[in-house]
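[1] one predicted model, sequence on top.
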Amino acid sequence: MTISSPRRVKATLMWPFAMVLTFILTAFVTTAYFLQVQVRDRALSGRVAAVAKLVNQKLDKDTSLMRAVMHTMQGIPAIGAAFAAQDRDALLREAGPLFQTLRSEHRITHLYFNNPELVNLVRLHSPDEFGGQIKRTTAVEARSQNKITHGLELGALGTLTLRVVAPWPSAGGVLGYVEMGEEIGHLVQEIHDSLSVDLLVLVDKQLLPAQQWQHGLALLERQGNWDRFTQQVMVAYTKADIPVAMNDSVLAALRMGETQVFSESRQTLHLAMLPLVDSNGQRIGDMVVMRDITGLEGTFQRSITMVTFLSLLVGAFVLGLFYFALDRVERDYQRQHDLEHQLLRLDTEHARILQVEKLSALGTMVGEIAHQLNNPLVGVVNLAQLAQREANNPARTRELLAEIRHAGQDCHAFIASMLRFAKVSKFDCHSTDMAQVVNETVLMFRQTIRRQIQVELVLPDQPVVLMADPILLRHALFNLLVNAAQATEGDGAIVISLQAQPHPETGAPGWRLAVRDHGKGIAPEILDKVFTPFFTTRHEGTGLGLPVVQHVALLHQGFVSVENLPEGGTQFAVWLPQAIPCPLQHPT
C-alpha cells in the first residue's frame, strides 16, 4: 500500500489566517481613522454652528443698540427741529457729536438722514456726499410699512453692513427716515477672539462693481483683496496670511457643504463655510471658518500610529501563537502519520508473519501427518516383504497379514480423526439448551468409556439457552471428558459446572462451562503447549482433542482456559458469550 506524505498544516493554514488577520487589523485601523475623522469633523461642525449662533447674537444685540439710539435721538428737540427744517448744516452740527461717540464707542459706521421720498439729506459718516435716492431694501420696506426695519445689506462701496431704518414721526406725518448701520468687520474679529477660529468673509463679485469696490476700499480705509479668487472678493479676514492652497476649487468644495483639510507652513487647517444672506434672503457671499488643528492633527497622527503599532504588535503576537499552535499540531499530526505508517507497516509485517506462521503450522501439520502415517506404512512395506519371503509358510504369512491389517486400521483411525477435526470448521448455530447438551454428552461418554467414572453435574436451576452449535459443543465437551477420564485416578469424580461469568476483560455477559478432574495436574513446563495441534503426552494420543476444543470456543467468539487447582487436578473451562451474532460464516 502506498503511504501518502502528511499534509503541511502550517503551509495550508498560516497564509489564509495571516490574510484574515491582516484584513481584520486593516479594518480596525481604518475604522479608528474614520472615527477620528468623524470626531474632527463634528468638532468643526460644532465650531461652525457656534460661529453662526454668535453672529446672529451679535447682530441682534447691535440691532437692539441701534434701535435704542434711534429712539433716543428722536427725543432730542434740536435734532428733530433740524431734520424738520431739512437743514444739513444744523443736522451735522447737532447730530455730529453723537455720531462720533457712537462711532468710537459702539462701532456705528453709518448714519443717514433721508427725506420722506428717501432722498438723502446728509451722510454723517461722509458729509461731502449727499443727495440721491436710497433704494436699499431696508429703506424701501421702512417707508412702505411705516415701521422700523433691519437687515444685512451690501453697500455700493462693497461694505457688508447691518442696517436699521426707522421712520421719524411728527404731528404732521413723517419727517423722513433715519438710517444707522455698522460694518460687520468688527464681528469677525470678535468671533475670532471668542471661538479661536479664523474667519474669511467673501462677497460675490457679480453683486459688486470693481471700481466702486476699489473706491470704497480707499475711502473707508478697510482691508480687502479683489484678485485672489475668480468669483468672490475678500472683504474681511482675521488671518493675515491666507493659505496658498486655498483656491477656487477649495471654495467650490466648501460651497457644496464639504470640509477641507490642508497643511501649510507647519500648520494644519480645517475649513468649512457658512452662507451670508442679505435682508432679501439672497445669498450674497460666504463666511469661511478656518480652525487650526495642528495640535489636534499631531495627536491624531500619534494616535493612529500608536493604534497601528499596537495592532501590528497584537497581530504579530496572535500570528506567532497561531504559528506555534499549528507547529505543535503539525508535529502531532506528523507523529500520528508516522505512527499510522508504522502501524500499517507492522500490520503488513504481521499479516506476512501470520502467513508464514500459517505456512509453518501447515508444514508442521503435514509433517506430523506424514510422521503418523509413515510409521505404519513402513511397517506395512516391511511386513509385506516378509510375507513375500514366507509365502511357503502359511502360518507365518497369516501372522504377517494380521500385522499389516492392524497397521492399516491404525492409519484408518488416524485419518478418521483428521476428518473429524476438519468437520469442526462447519458452524451452524441456533437456540441451544446447555443442560441438554451436557446431559447428552455425558450419556455418550458413559456409553463409550468402558471404565466406570463418576460424573457430577453442577447446573443452574433455570434453563440456560444460548445461540450455539450443539454438535460442536458436544464434540468439545466430549474431548474434555475423555481427557479428564484419562487424567483421573482411583475413585475420583469428574465435575461439570455451568455458571454465569462476565468476560474478564470487556465485562460482556457470558457463561463458563468447566470440566474438572482429580488427576495429578499438568506439568507447568507443558501447560502452554496443550492446545498445540498434534502435541500429546500419551503414546496412543493424536494431539487433536484440545485444539478442537479451542477451535470450537473461537467459533463461538469465546475462549478456553486451563489451570492446575491447588487441591489437585486440572480444570478446563470454555467461556461462551450470552449473545452470539448468528449465522456466522466460516470457511471450511
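    Here it is on my side, so go on.
[2] R446: what secondary structure?
    Using DSSP: H, G, I helix; E, B strand; the rest coil, the structure places R446 in helix.
[3] in space, what's closest to it - neighbours in sequence excluded?
    Nearest non-adjacent residue to R446, counting by CB to CB, 6 or more residues apart in numbering: V455, 7.4 Å away. For every residue, glycine as well, the C-beta is placed using N, CA and C.
[4] I'd say V174 and P167 touch.
    Yes. In this structure, V174 is within contact of P167 by CB atoms under 8 Å, at 4.9 Å.
[5] and those two? which has more neighbours close in?
    Taking neighbours as other CB atoms under 10 Å, V174 and P167 compare with P167 leading, 20 against 14.
[6] doesn't the more buried one fall inside a strand?
    Yes. Going by three-state DSSP, the assignment for P167 places it inside a strand.
[7] show me what contacts it?
    A142, R143, N146, K147, I148, V174, G176, Y177 (CB atoms under 8 Å, 6 or more residues apart in numbering).
[8] secondary structure element for L344?
    Secondary structure assignment for L344, by DSSP states H and E: helix 294-389.
[9] what is the rounded mean pLDDT of stretch 337-354?
    Confidence over stretch 337-354, taken as the mean pLDDT, stands at 67.
[10] just stretch 281-291 next, same as before
    85.
[11] quick one: contacts of that stretch?
    Stretch 281-291 has contacts (CB under 8 Å, 6+ apart) with 43-44, 47-48, 51, 55, 154, 160, 196-204, 207, 232, 235, 239, 251, 254-255, 269-278.
[12] which of those fall within helices?
    In helices, defined here by DSSP state H, the members of the contacts of stretch 281-291 are A43, L44, R47, V48, V51, V55, L251, L254, R255.
[13] from these, which single one is nearest L310?
    A43 (24.3 Å; CB to CB).
[14] give me the number of residues near that closest one?
    14.
[15] coming back round to it: just read off the phi/psi values of the residue nearest to R446.
    Phi and psi for V455, reported as degrees, to the nearest 10, are phi -120, psi 120.
[16] low-confidence ranges in the stretch 201-350 of the chain?
    Scanning the stretch 201-350 of the chain with the threshold set as pLDDT under 70 gives 212-213, 216-223, 346-350.
[17] hang on, the earlier thing: show me which of the contacts of stretch 281-291 are buried.
    For these, a burial check counting by 16 or more other CB atoms under 10 Å picks out 44, 47-48, 51, 55, 154, 160, 197-204, 232, 235, 251, 254-255, 269-274, 276, 278.
[18] which strand or helix spans the residue of the chain most remote from its centre?
    Going by CA atoms, centre = their mean, the residue of the chain most distant from its centre is N392, 106.9 Å out. If you go by DSSP H and E, N392 is not part of any helix or strand.
[19] cool, and the one 5 residues further on?
    Mapping T397 onto the secondary structure by DSSP H and E places it in helix 394-423.
[20] of all the contacts of P167, which two lie farthest apart?
    Maximum pairwise distance in the contacts of P167, criterion CB to CB, is 14.7 Å, between K147 and G176.
[21] tell me how far stretch 467-483 lies from the chain's centre.
    With CA atoms, centre = their mean, to the nearest Å as the basis, stretch 467-483 stands 65 Å off its chain's centre.
[22] try stretch 137-153
    Taking CA atoms, centre = their mean, one finds stretch 137-153 lying 70 Å from the centre of the chain it belongs to.
[23] kindly report the same for stretch 390-407.
    97 Å.
[24] what's the answer for stretch 488-506, then?
    How far stretch 488-506 lies from its chain's middle: 63 Å, per CA atoms, centre = their mean.
[25] so for that stretch, mean pLDDT?
    Regarding stretch 488-506, the rounded mean pLDDT is 86.
[26] measure it end to end?
    One end of stretch 488-506 sits 34 Å from the other (CA to CA, to the nearest Å).
[27] helices or strands up against the strand or helix carrying V69?
    V69 is part of helix 9-74 when elements are defined by DSSP H and E. Under the contact definition 3 or more CB pairs under 8 Å, 6 or more residues apart in numbering; DSSP states H and E, helix 9-74 sits against helix 88-106, strand 149-154, strand 160-170, strand 173-183, helix 185-195, strand 267-277, strand 283-292, helix 294-389.
[28] quick check: the gap between D128 and L92.
    The spacing between D128 and L92, counted by CB to CB, to the nearest Å, is 11 Å.
[29] and the helix or strand where A435 lies, what's buried?
    According to DSSP H and E, A435 maps onto helix 434-448. Neighbour counts using 16+ other CB under 10 Å place M434, A435, V437, V438, E440, T441, V442, F445 of helix 434-448 among the buried residues.
[30] now the element after that helix, going C-ward?
    Per DSSP H and E, the first helix or strand lying C-terminal to helix 434-448 is strand 455-458.
[31] list the contacts of that next one.
    With CB under 8 Å, 6+ apart as the contact definition, strand 455-458 has outside contacts at 438-439, 442, 445-446, 481, 493-499.
[32] can I get those residues in a markdown table including distance to F317?
    Shown next, in a markdown table, are those (distance: CB to CB, whole Å):
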| residue | distance to F317 |
| --- | --- |
| V438 | 75 |
| N439 | 79 |
| V442 | 80 |
| F445 | 81 |
| R446 | 86 |
| L481 | 77 |
| A493 | 81 |
| I494 | 78 |
| V495 | 75 |
| I496 | 74 |
| S497 | 70 |
| L498 | 69 |
| Q499 | 66 |
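[33] D128 and L92: which is more packed in?
    Neighbour count, other CB under 10 Å: between D128 and L92, L92 has more, with 17 against 5.
[34] quick one: which of K147 and G176 has more around it?
    Taking neighbours as other CB under 10 Å, K147 and G176 compare with G176 leading, 22 against 11.
[35] show me what contacts F17?
    Going by CB under 8 Å, 6+ apart, the list of residues near F17 reads L319, F322.
[36] tell me how far it lies from A402.
    Using CB to CB, F17 is found at 93 Å from A402.
[37] same question, A514
    Distance of A514 to A402, computed by CB to CB: 44 Å.
[38] quick one, which of these two is more surrounded?
    The neighbour comparison of A514 against A402 (other CB under 10 Å) goes to A514, with 19 against 11.
[39] got the contact list for that one?
    Counting by CB under 8 Å, 6+ apart, A514 makes contact with V495, I496, S497, L498, Q499, Q571, F572, A573, V574.
[40] mind checking pLDDT for it?
    Note on A514: pLDDT of 92.
[41] same thing with R450?
    With respect to pLDDT, R450 has a value of 69.
[42] can you count the residues close to the closest residue to S170 other than its chain neighbours?
    The spatial neighbour of S170 that comes closest, neighbours along the chain excluded (CB to CB, 6+ apart), is A84 at 6.5 Å. Look at A84: counted by other CB under 10 Å, it has 13 neighbours.
[43] and if you look at F262?
    Other residues close to F262 by other CB under 10 Å number 14.
[44] helix or strand for L466, which one?
    strand 465-468.
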